[in-house]
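Asks: Below are the sequence and a predicted model for it; my questions follow.
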Amino acid sequence: MLNFTFYTPTKVIFGKDVENRTGELVREYGASKVLLHYGGKSAERTGLLEHIRQSLKGAGVEYVELGGVVPNPHLDKVYEGIELCKKEQVDFVLAVGGGSVIDSSKAICYGMAEPDKDVWELFENKRKAEAFFPLAAVLTIAAAGSEMSNSCVITDEKTLLKRAYNDDIARPLFALMDPEITKTLPDYQTESGCADIMMHTMERYFNNGGSMELTDGIAEALLKTVMHNAQILHTDPDNYEARAEVMWASSLSHNGLTGCGTDGGDWVCHRMEHEVGGMFDVTHGAGLAAIWGSWARFVYRDCLSRFVKFAVNVMGIRPQERDEDTALAGIKALEDFFRSIGMPTNLRELGVEPTDGQIDAMAHSLVSAYGEPFGSAKKLTREDMAQIYRKAR
């Protein structure tokens with residue numbers, strides 16, 4: 001077990017109709033004028049935005065709105081939000097959406113807290129943030145876990161670079177989570193979210209640096225819970241209990257809980273998917289599912305005990321005569337699960353067929369951003385990552 005710091009300051013208000021408390025809560029945290037930041041038309045169509053507007057008005061809180069956040073949120077929208085907040089003298093940002101909206105809001109908050117600096121410098125790893133603007137979230141999809149995490153991912157749509165910046169100061173003050181809101185999601189988005197939740201847990205689980213039996217047990221229980229409820233929602237999308245289980249899992253998977261006592265995890269799949277997402281604008285969870293099997297078969301021998309434990313404890317594989325066979329059976333079982341909920345297990349099924357040139361460009365971009373080698377399950381070079389992309393085609 002390695003030393004660790006566990007920091008989760010976000011207050012969670014969970015259950016039916018909790019979004020109606022938005023106004024009283026932002027007022028409690030000192031807000032007088034809020035940026036209401038959201039994505040497309042679904043939040044308007046379902047009536048969620050109107051409920052939040054009325055809640056803010058009832059609490060005497062002014063607001064301005066900025067919609068239009070897209071999956072793989074764009075840097076230009078972040079800049080637009082920063083300028084709007086400055087013009088309107090906003091003192092609080094409220095994200096109404098999933099990971100993309102919350103990440104866009106986090107980037108705006110970084111920009112507002114240090115208005116004389118270019119926020120993209122954080123994502124280019126040129127500097128560290130020294131301050132952060134007040135932020136809260138009303139969650140509309142269980143997936144990214146950004147409502148309790150320190151993570152933020154933004155895409156520069158001009159260069160197609162998708163980059164993450166992590167800092168504990170970016171954890172929201174509070175998050176409102178009503179599973180009822182997620183019932184309107186298409187099945188593909190629900191299941192992509194489930195894949196994302198699982199991958200946040202597995203990135204931490206497959207490592208070669210430290211372990212805790214309790215942490216492993218929490219991670220394994222979380223994975224089995226998500227898998228069970230993802231299959232329920234695939235055929236019964238209105239099941240409130242299943243949506244509640246998955247929504248809470250999304251937060252626990254990415255607030256640091258499943259990485260306590262380890263080296264922090266591997267994160268190669270996430271970084272590789274960020275390149276695919278930046279270049280081809282794919283859904284994040286589906287992109288992770290498409291890459292994972294090829295990555296796993298490339299690295300499992302160097303992290304064999306973890307893959308065996310995963311196969312037995314999570315996927316229910318009976319131990320084989322050889323550990324390698326047990327590990328491979330576990331990898332195949334997870335791919336079978338992904339297919340059972342409509343998730344891709346390679347890039348072709350994802351709808352993406354990168355050329356050799358595009359693969360080399362993505363591998364080069366990874367090394368430019370993170371150096372080489374990197375990873376925990378296995379240290380990977382640029383050529384290793386290019387091979388994994390090719391095997392995933």
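Replies: Arrived safely.

Asks: Just to be sure, Pro115 is in a helix?
Replies: No. Pro115 is assigned coil when assessed by DSSP: H, G, I helix; E, B strand; the rest coil, not a helix.

Asks: Once you drop chain neighbours, what's closest to it?
Replies: Among residues not flanking Pro115 along the chain, Lys86 sits closest, at 6.6 Å (Cβ to Cβ, 6 or more residues apart in numbering). For the C-beta atoms, the positions are set from N, CA and C on the backbone; glycine is no exception.

Asks: Pull out the buried residues from stretch 64-76.
Replies: By 16 or more other Cβ atoms under 10 Å, the buried positions in stretch 64-76 come out as 64, 66-67, 69, 71-75.

Asks: Which of these fall within strands?
Replies: Among those, DSSP state E puts 64, 66 in strands.

Asks: farthest pair in the buried residues of stretch 64-76?
Replies: Taking Cβ to Cβ as the measure, the buried residues of stretch 64-76 span a maximum distance of 24.4 Å, between Val64 and Asn72.

Asks: so Arg163 is in which element?
Replies: Arg163 belongs to strand 161-166 when assigned by DSSP states H and E.

Asks: need the buried residues of stretch 64-76 in JSON lines with distance to Arg204 and pLDDT, can you?
Replies: Below are the buried residues of stretch 64-76 laid out as JSON lines (distance: Cβ to Cβ, whole Å; pLDDT from 0 to 100):
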{"residue": "Val64", "distance to Arg204": "38", "pLDDT": "98"}
{"residue": "Leu66", "distance to Arg204": "33", "pLDDT": "97"}
{"residue": "Gly67", "distance to Arg204": "33", "pLDDT": "97"}
{"residue": "Val69", "distance to Arg204": "27", "pLDDT": "97"}
{"residue": "Pro71", "distance to Arg204": "24", "pLDDT": "93"}
{"residue": "Asn72", "distance to Arg204": "23", "pLDDT": "94"}
{"residue": "Pro73", "distance to Arg204": "24", "pLDDT": "96"}
{"residue": "His74", "distance to Arg204": "28", "pLDDT": "97"}
{"residue": "Leu75", "distance to Arg204": "28", "pLDDT": "98"}
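
Asks: tell me which of the buried residues of stretch 64-76 is nearest to Phe298?
Replies: Phe298 has its nearest neighbour among the buried residues of stretch 64-76 in Asn72, at 25.1 Å by Cβ to Cβ.

Asks: which residue packs closest to the closest one, ignoring adjacent ones?
Replies: Residue nearest to Asn72 in three dimensions, not counting chain neighbours: Thr155, with 4.6 Å by Cβ to Cβ, 6+ apart.

Asks: which of the residues in stretch 108-122 are buried?
Replies: Judged by neighbour count (16+ other Cβ under 10 Å), stretch 108-122 contains these buried residues: 108-114, 119-120, 122.

Asks: per-domain residue ranges of the chain.
Replies: Structurally, the chain divides into domains by automatic domain parsing as follows: 11-181, 187-391.

Asks: that older thread, between the buried residues of stretch 64-76, which is nearest Asp356?
Replies: Asn72 (23.6 Å).

Asks: Is it correct that the closest one is in contact with Gly278?
Replies: Yes. At 6.9 Å, Asn72 and Gly278 qualify as touching, with contact defined as Cβ atoms under 8 Å.

Asks: what touches both of those two?
Replies: Counting by Cβ atoms under 8 Å, 6 or more residues apart in numbering, the residues touching both Asn72 and Gly278 are 155, 162.

Asks: ok so, going back, quick check: of the buried residues of stretch 64-76, which lies closest to Val352?
Replies: Using Cβ to Cβ, Asn72 comes nearest to Val352 of the buried residues of stretch 64-76, at 13.4 Å.

Asks: so where does the nearest residue to Gly68 once chain neighbours are set aside fall, helix or strand?
Replies: Leaving aside its chain neighbours, Gly68 sits nearest to Lys77 (6.2 Å; criterion: Cβ to Cβ, 6+ apart). Here Lys77 sits within helix 75-88, counting by DSSP H and E.

Asks: list the buried ones in that helix?
Replies: Along helix 75-88, these residues count as buried under the neighbour rule (16+ other Cβ under 10 Å): 75, 77-79, 81-82, 84-85.

Asks: I am finished for the moment; much appreciated.
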